[in-house]
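> compute the structure for the input listed below.
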Amino acid sequence: MRGMETNGRIALVTGASRGIGAAIGAALAADGHRVAWAARDRIALERLVDAHGGLAVPMDVTDEASVQGGLDLVAAELGPVDVLVNNAGVAESAPLARVTDESWERTLAVNLTAPFRLTRAVVPGMVARGFGRVVFVASNAGLTGYRYTAAYCASKHGVVGLMRALAAELATTGVTVNAVCPGFVDTDMSAAAIARIQRATGRSAEAARGLLEDLNPQKRLIQPDEVAHAVRMLLGDAARGIHGQAIAVDGGQVMK
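Predicted structure coming up:
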């Protein structure tokens with residue numbers, strides 16, 4: 001991709017052990033970034049490092065000590081973070097009356113509080129060096145609402161709001177902040193949603209998948225590499241004018 005002057009920049013990707021995060025890490029490694037793959041599954045991370053290079057960073061994004069330990073490891077082994085991709089996320093589904101405090105708090109802890117803390121930790125160094133890229137992998141649920149997903153939608157709207165506030169704050173610093181907002185992506189998270197639809201409706205797996213595909217005007221699930229493409233587009237020097245944007249990757253489902 002033209003304009004991808006990575007110069008061996010260090011990219012920390014959370015939720016990197018599978019799905020969208022693994023696709024982003026692989027794409028960034030192919031572009032020449034030194035990737036710090038962060039997730040809880042050490043074995044999966046080590047396999048990705050074997051395949052693509054970089055550093056495995058065992059990290060629970062909801063545990064402050066684990067996060068700090070991961071950041072210390074990256075600093076010691078690779079150096080300061082130039083690119084932060086806040087990708088780790090969880091999704092649960094229930095009618096409002098059945099959303100427990102525990103589910104609400106867990107969803108916001110992973111989807112909103114964790115990226116806030118990580119961004120707060122790395123952005124001052126980016127500002128001091130005059131360059132940085134922060135990308136939040138949000139969701140088109142941060143741009144619209146879905147039934148039975150109060151906690152998830154609230155957390156993703158919060159991520160988009162956080163991104164916009166930081167974009168205004170950091171506009172003159174050389175650090176850009178953006179969000180990529182996928183629709184349903186062909187990952188384990190969508191597989192879990194399909195299973196929930198099956199249980200609730202008695203539909204076959206194929207029919208349940210079709211319900212998700214029909215939400216996309218292109219009548220398909222988005223692929224992880226498409227989300228990775230949007231992320232990598234935001235990282236090069238030529239992307240310095242793309243700032244404060246929530247970019248939907250959903251086949252045109254949400255047009256704003």
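
> so how far is residue 128 from residue 34?
20 Å (CB to CB, to the nearest Å). C-beta: built from backbone N, CA, C; applies to glycine.

> same deal with residue 235?
In terms of CB to CB, residue 235 sits 19 Å off from residue 128.

> comparing these two, which shows the higher neighbour count?
residue 235 (27 against 12; other CB atoms under 10 Å).

> secondary structure class for the more buried one?
For residue 235, the assignment made with DSSP: H, G, I helix; E, B strand; the rest coil gives coil.

> which residues does the closest residue to it other than its chain neighbours contact?
Among residues not flanking residue 235 along the chain, residue 133 sits closest, at 4.9 Å (CB to CB, 6 or more residues apart in numbering). Contact analysis of residue 133 by CB atoms under 8 Å, 6 or more residues apart in numbering lists 82, 83, 84, 175, 176, 234, 235, 239.

> okay, and residue 133 sits in which element?
Using DSSP states H and E, residue 133 sits in strand 132-137.

> residue 44 is in contact with residue 58, correct?
No. Counting by CB atoms under 8 Å, residue 58 stays clear of residue 44, with 10.4 Å between them.

> what does the pLDDT read for residue 184?
You'll see residue 184 listed with a pLDDT of 89.

> and the closest residue to it other than its chain neighbours, what does it touch?
With CB to CB, 6+ apart as the criterion, residue 184 has its nearest non-adjacent residue at 4.6 Å, and that residue is residue 212. By CB under 8 Å, 6+ apart, the residues touching residue 212 are 184, 190, 193, 194, 197, 221.

> and the residue nearest to the third one when sequence neighbours are not counted, what helix or strand is that in?
Nearest in space to residue 193, with sequence neighbours left out and distances taken as CB to CB, 6+ apart, is residue 212 at 6.5 Å. Assigning secondary structure by DSSP H and E places residue 212 in helix 205-215.

> let me see the mean pLDDT of the strand holding residue 133.
Mean predicted lDDT for strand 132-137 stands at 98.

> same for the following helix or strand past that strand, what does it pack against?
Per DSSP H and E, the first helix or strand lying C-terminal to strand 132-137 is helix 150-170. Here helix 150-170 touches helix 101-108, helix 114-129, strand 132-137, strand 175-182, strand 246-249, going by 3 or more CB pairs under 8 Å, 6 or more residues apart in numbering; DSSP states H and E.

> go again using 6 Å as the cut-off
Counting contacts by 3 or more CB pairs under 6 Å, 6 or more residues apart in numbering; DSSP states H and E, helix 150-170 packs against helix 101-108, strand 175-182.

> okay if I get those as JSON lines plus distance to residue 168 and mean neighbour count?
Formatted as JSON lines, these follow (distance: least, CB to CB, whole Å; neighbours: other CB atoms under 10 Å):
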{"stretch": "helix 101-108", "distance to residue 168": "22", "mean neighbour count": "15"}
{"stretch": "strand 175-182", "distance to residue 168": "9", "mean neighbour count": "26"}
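
> switch these over to JSON lines; also include distance to residue 217.
As requested, those are arranged in JSON lines below (distance: least, CB to CB, whole Å):
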{"stretch": "helix 101-108", "distance to residue 217": "28"}
{"stretch": "strand 175-182", "distance to residue 217": "14"}
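
> quick one: closest of those to residue 40.
Closest to residue 40 of the helices and strands packed on helix 150-170 is helix 101-108 (CB to CB; 14.1 Å).

> the closest one - what's its average pLDDT?
Averaging pLDDT along helix 101-108 yields 98.

> show residues contacting that helix.
With CB atoms under 6 Å, 6 or more residues apart in numbering as the test, helix 101-108 has contacts from 90, 92, 151, 152, 155.

> over to stretch 147-157?
91, 93, 95-96, 99, 104, 107-108, 111-112, 138-139, 141-142, 145.

> recalculate using a threshold of 8 Å.
The list of residues contacting stretch 147-157 from outside it, by CB under 8 Å, 6+ apart, reads 91-96, 99, 103-104, 107-108, 110-112, 138-139, 141-142, 145-146, 181.

> out of those residues, which end up buried?
91-93, 99, 103-104, 107-108, 110-112, 138-139, 141-142, 181 (16 or more other CB atoms under 10 Å).
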